[in-house]
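Novice: sequence unknown, structure follows:
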């Protein structure tokens, strides 16, 4: 099992940047594929980005391509989401999630086994 704790959320003006961090504890961090998802009230959780256990392969949603970057530091048991050129429509609660590395890199939130508590990101105009 793995425990996940997000940090780094906050309020930022449109065009600004934020970096979210997700610290993991428990079993070997590199044995998990990691994902970032976001959710606004009344809508389903939405895929943002995902990364393999070794950090060599990533995937991201079209809506954030070129603006958001997912990365990880296995020595620090941490995955990051660097968010640039933020837009008001990026406002959401952001969650990190984990699934065992032997499974495929997935964009479906239902495929992830472990979740953090969420970090609020608000982008003002």
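Specialist: All right, it came through fine. Since the structure is predicted, the reported quantities are computational estimates derived from the model, not experimental observations.
Novice: Isn't residue 98 up against residue 4?
Specialist: Yes: if you go by C-beta atoms under 8 Å, residue 98 and residue 4 touch, sitting 6.3 Å apart. (Each C-beta comes from the backbone N, C-alpha and C, glycine too.)
Novice: The two - which one has more neighbours?
Specialist: With neighbours defined as other C-beta atoms under 10 Å, residue 98 and residue 4 compare such that residue 98 has more, 26 against 21.
Novice: Which element, helix or strand, includes that one?
Specialist: Residue 98 belongs to strand 92-100 when assigned by DSSP states H and E.
Novice: So what touches the next helix or strand after that strand?
Specialist: Next helix or strand after strand 92-100 toward the C-terminus (DSSP H and E): strand 114-115. Residues outside strand 114-115 that contact it (C-beta atoms under 8 Å, 6 or more residues apart in numbering) are 1-4, 32, 95-99.
Novice: Check stretch 21-33 too.
Specialist: Residues contacting stretch 21-33 (C-beta under 8 Å, 6+ apart): 1-8, 34, 36, 50-54, 72, 74, 76-81, 96, 98-101, 103, 105-106, 114, 116.
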